[in-house]
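>>> predicted model and sequence follow; I will ask about them next.
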Amino acid sequence: MKKVNLTEIVEKGISQGVKSIFFFKDLPPLGNNRNIIKLNDVVLGSEEINSLLKTTATAWQYETFEGKKELDYSYEINGLGRFRINAFLRMGNIGLVMRPIPNKVPSFSALGLPEILKKLTKKQNGLVLITGPTGSGKSTTLASLIDLINKERACHIVTIEDPIEFVYKSEKSIISQREVGKDTKSFQSALKRVLREDPDVILVGEIRDSETMKIVIEMAETGHLVFSTLHTINVVQTLNRIIDFFPEYEKNQIRNQLSQLLQCVVSQRLVQRADGKGFVCACEVMTTTQSIKTLIKEDKVHQIFSIMDISKKDDMISMDKSLLKLYENGLIDMPEMIFESSKEKGFIERIFETTPNKNQTLTGIRPLKLEKEMILYEADFSLNNLSFFDASGMLFDTPIGLLFRDRGPLKEDLNFIADYTILNGKKNIFSLKSFCNLSYKILETKVEKAWYLFRLRMVSDNNEDIEIPKIPLELIKDNEWHTLTIPVSKVYSGKTVKCYMLLFDNDIKEIAFNNIFFV
C-alpha cells in the first residue's frame with residue numbers, strides 16, 4: 001500500500017485555492033479551483049482510500065458508511081482547519097471529497113449579502129430558507145446570520161447539523177451545537193426533542209424529507225425562528241419541492257401553513273470574481289408579502305417571479321437583477337453573468353443597454369470581404385476585451401461556448417457569426433486540411449421545424465470565398481449538444497484561411513457553439 005500524506009495534500013490544495021479535494025481510485029489526489037489540478041503524483045488504490053476513510057472517520061461513522069454506503073462527516077487537521085468530508089461508492093469503489101470549512105464565521109458585511117437578510121435576524125418566529133446547489137455557500141450564509149443573532153440577542157440557539165461545519169463561540173446568546181452521528185442519532189430524533197431544550201432560534205442543517213419538513217413547520221408554528229437549507233435552484237422550485245414532499249391530500253394544508261409561516265426564501269449561487277480572487281455570492285430573495293402569501297395559498301407559485309420583478313420596495317431581488325448589479329459594480333465578468341442568468345429576452349436587452357458600447361458600423365461592405373482593420377461591430381464586454389462580429393444579433397463568450405442571440409432585423413436568409421478572434425489578430429491564419437469539427441446546441445427558435453439549415457463559409461488570404469458543404473447541413477433542436485464533422489474537399493485542402501463564418505438558419509433565435517477546430 002502506498003503512503004499518502006493527507007496533511008501535505010490538503011496544505012497544497014489550500015495554497016492553490018481549491019474548494020474541493022478528490023480521492024478516487026486509479027487517480028492521484030485532485031483539487032478543484034474551477035480547473036482540475038493534481039495535488040500529488042501518487043495514483044490511489046482502494047486500500048489507500050479506505051485507509052484515509054478509517055483515519056478521518058470515527059469507528060461509529062465507518063460502521064455507518066459500511067451499512068448505508070454514504071457518509072457525511074467533519075474532520076479537523078491541526079494548523080489547517082476543519083473539513084467537510086463526503087464518502088460514497090463509485091462503481092463499487094470508495095470515493096472521498098473534502099471541502100475546507102473557514103476557521104472563523106465570515107462576517108455578514110464581508111460576504112456582501114443583501115441588507116434584507118440582516119432584517120431576518122430580528123424576527124421572533126417563522127421559517128427562513130437558504131437554498132442553492134451544493135457548494136453555493138448556503139452554510140456560510142446561515143453561519144453569518146446565526147453569528148449576527150449571537151452578537152446582538154440574548155437567547156438560546158440550537159443547531160442540528162450533519163456534520164457541524166462552523167464552530168460558534170457564545171457571546172450574548174447561548175449556542176448548543178448538535179451533530180448527527182455524534183450528539184444525536186438522526187435529524188428526526190433531535191428535532192422531536194429540541195423544544196424541550198427551550199430554544200428561541202433553531203437551525204436545521206438541511207431538510208431532506210417530508211418528516212423533517214413537517215417538524216420544521218411545526219416548530220415555526222410554535223413561535224420559534226427556524227433557519228434551514230434546501231438543494232433547490234430558485235425560489236419557485238423551493239416552494240414546489242416543499243409542497244411535493246407531501247401527498248395530494250395534505251398539499252392544501254401545507255400551502256396554508258407556508259403562506260403564514262414563511263418569512264423569506266433566499267436562493268444563492270457563487271460566481272467567479274472578475275479579478276480571479278475567489279467567488280462572490282449572487283442572491284435571489286423572496287419575502288412573503290400579502291401577494292406572495294395569496295399565490296402560495298391559491299397554488300399559483302409559478303406567478304411568483306412576475307411579482308418579484310415589480311416588488312423592489314418589498315426588498316425582493318431576482319437572480320437576474322442580482323447578477324446585473326454585481327456586473328455593474330465590476331465584481332463579475334459578462335460571460336459569468338450570462339452563464340448564471342435566465343437569459344430571458346428582457347435581461348439580454350438590459351445588458352445591451354448597460355454595457356458601454358464602442359460601435360463602428362460599416363455600410364456597403366459585404367461581410368465576406370472584411371479585412372482585419374474593417375470592424376463591423378465591436379463591444380468591450382469584459383476585462384478580456386471581448387469583441388465580436390455578427391450580422392444580426394449579439395454574441396457572448398460564456399462557459400458553455402459562444403452564445404448567439406438574434407435581435408430580429410435581418411434581410412438575409414442566414415444569420416452568421418464570424419471568427420472574431422482571427423479578425424482581431426488574436427489567432428494566426430491557418431491552412432485547411434481534412435475537416436472542421438464543432439458542437440452546437442439550439443436553445444431557442446422563432447419557428448418550430450424538423451431541422452434548421454447550417455453552412456460554413458471561409459475567406460482565404462487572397463479573399464476567395466469558400467463554402468462547405470455546397471448543400472447546407474441540417475441542425476436539429478432537442479435540447480442536447482450535437483457534434484458536426486464537416487469534410488473539406490481536396491480542392492480546398494491547403495488553402496490558407498484568414499477568417500471563417502458560421503451561417504445558420506434565420507429561424508434560430510439562440511444557439512450555442514463550442515469545440516470549434518480545424519484538422
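Cool, got the structure. Numbering: from 1, shown residues only.
>>> so, low pLDDT: which residues of the stretch 201-350 of the chain?
For the stretch 201-350 of the chain, applying pLDDT under 70 flags the ranges 312, 343, 345, 348-349.
>>> try it again with 90
Within the stretch 201-350 of the chain, the ranges that satisfy pLDDT under 90 run 208-211, 272-279, 305-315, 324, 327-330, 332-350.
>>> strands along that one, start to end?
For the stretch 201-350 of the chain, applying DSSP state E, counting those that start in this stretch gives strands covering 201-204, 225-230, 262-272, 279-287.
>>> tell me which of the ones you listed lies nearest to Asp505.
strand 262-272 (32.7 Å; C-beta to C-beta). Bear in mind the C-beta positions are built from the backbone N, C-alpha and C, glycine included.
>>> give me the sheet partners of that closest one and which way each runs.
Strand 262-272 sits in its sheet next to strand 126-131 (parallel), strand 279-287 (antiparallel), going by DSSP bridges.
>>> mean neighbour count for those - can I get that in JSON lines?
Listed next are the strands paired with strand 262-272 as JSON lines, based on neighbours: other C-beta atoms under 10 Å:
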{"stretch": "strand 126-131", "mean neighbour count": "23"}
{"stretch": "strand 279-287", "mean neighbour count": "23"}
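>>> now do the host helix or strand of Gly67: which elements does it pack against?
Secondary structure from DSSP states H and E places Gly67 in helix 59-68. The helices and strands touching helix 59-68, judged by 3 or more C-beta pairs under 8 Å, 6 or more residues apart in numbering; DSSP states H and E, are helix 46-56, strand 70-77.
>>> packed most tightly, which of the ones you listed would that be?
Highest mean neighbour count of those: strand 70-77, a mean of 18 (counted as mean count of other C-beta atoms under 10 Å).
>>> heading C-terminal from it, find the next helix or strand.
Next along the chain after strand 70-77, taking DSSP H and E as the criterion, comes strand 81-90.
>>> same for that following strand, what does it pack against?
Applying 3+ C-beta pairs under 8 Å, 6+ apart, we find strand 81-90 packed against strand 70-77, strand 93-101.
>>> which elements pack onto the shortest one?
Think strand 70-77. When contacts are defined as 3+ C-beta pairs under 8 Å, 6+ apart, strand 70-77 packs onto helix 6-15, helix 59-68, strand 81-90.
>>> could I get those as TSV with distance to Lys449?
Formatted as TSV, those follow (distance: least, C-beta to C-beta, whole Å):
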stretch	distance to Lys449
helix 6-15	49
helix 59-68	50
strand 81-90	41
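>>> closest to Leu230 out of these?
Closest approach to Leu230 among the helices and strands packed on strand 70-77 (C-beta to C-beta): strand 81-90, 17.7 Å.
>>> one step back: export the helices and strands packed on helix 59-68 to JSON lines and append columns for mean pLDDT.
What follows is the helices and strands packed on helix 59-68, written out as JSON lines (pLDDT from 0 to 100):
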{"stretch": "helix 46-56", "mean pLDDT": "93"}
{"stretch": "strand 70-77", "mean pLDDT": "89"}
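>>> pLDDT score assigned to the residue lying closest to Glu48 once chain neighbours are set aside?
Distances taken as C-beta to C-beta, 6 or more residues apart in numbering place Val4 nearest to Glu48, at 5.2 Å, with adjacent residues excluded. On pLDDT, Val4 comes in at 82.
>>> okay but Val4 is in contact with Asn50, surely?
No. With contact defined as C-beta atoms under 8 Å, Val4 does not reach Asn50; the gap is 11.1 Å.
>>> need the residues touching each of the two.
Counting by C-beta atoms under 8 Å, 6 or more residues apart in numbering, Val4 and Asn50 have no contacts in common.
>>> could the helices and strands packed on strand 70-77 be laid out in CSV, adding mean neighbour count and distance to Asn514?
Conversion of the helices and strands packed on strand 70-77 to CSV gives the following (neighbours: other C-beta atoms under 10 Å; distance: least, C-beta to C-beta, whole Å):
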stretch, mean neighbour count, distance to Asn514
helix 6-15, 17, 29
helix 59-68, 14, 39
strand 81-90, 17, 27
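>>> out of those, flag the one nearest Ser318.
strand 81-90 (30.1 Å).
>>> run me through the strand neighbours of that closest one, direction for each.
Strand pairing for strand 81-90, using DSSP bridges, gives strand 70-77 (antiparallel), strand 93-101 (antiparallel).
>>> against which helices or strands is the helix or strand just after the last one packed?
Past strand 93-101, further along toward the C-terminus, the next helix or strand under DSSP H and E is helix 108-111. Contacting helix 108-111 under the criterion 3+ C-beta pairs under 8 Å, 6+ apart are the following elements: helix 138-152.
>>> what angle sits between the helix or strand that comes right after the helix it packs on and strand 225-230?
Counting by DSSP H and E, the next helix or strand C-terminal to helix 138-152 is strand 156-161. Orientation of strand 156-161 against strand 225-230 (axes from the mean of the first three to the mean of the last three C-alpha atoms, to 10 degrees) gives an angle of 20 degrees.
>>> which residues touch the helix holding Gly67?
If you take C-beta under 8 Å, 6+ apart as the criterion, helix 59-68 is touched by 53-54, 57, 71, 73, 87, 181.
>>> how about the residue nearest to the spatial centre of the chain, what does it touch?
Geometric centre of the chain, nearest residue: Arg269, 5.4 Å, by C-alpha atoms, centre = their mean. With contact set as C-beta under 8 Å, 6+ apart, Arg269 has these partners: 132-133, 136, 233, 281-282, 319, 340.
>>> again, but for Ile516
Counting by C-beta under 8 Å, 6+ apart, Ile516 makes contact with 402, 436-438, 502.
>>> helix/strand/coil for it?
Following DSSP: H, G, I helix; E, B strand; the rest coil, the label given to Ile516 is strand.
>>> tell me the pLDDT at it?
pLDDT, Ile516: 83.
>>> likewise Leu383?
Looking at Leu383, the pLDDT reads 32.
>>> any chance of the helices and strands packed on helix 59-68 in CSV, plus distance to Ser460?
As requested, the helices and strands packed on helix 59-68 are exported to CSV (distance: least, C-beta to C-beta, whole Å):
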stretch, distance to Ser460
helix 46-56, 55
strand 70-77, 58
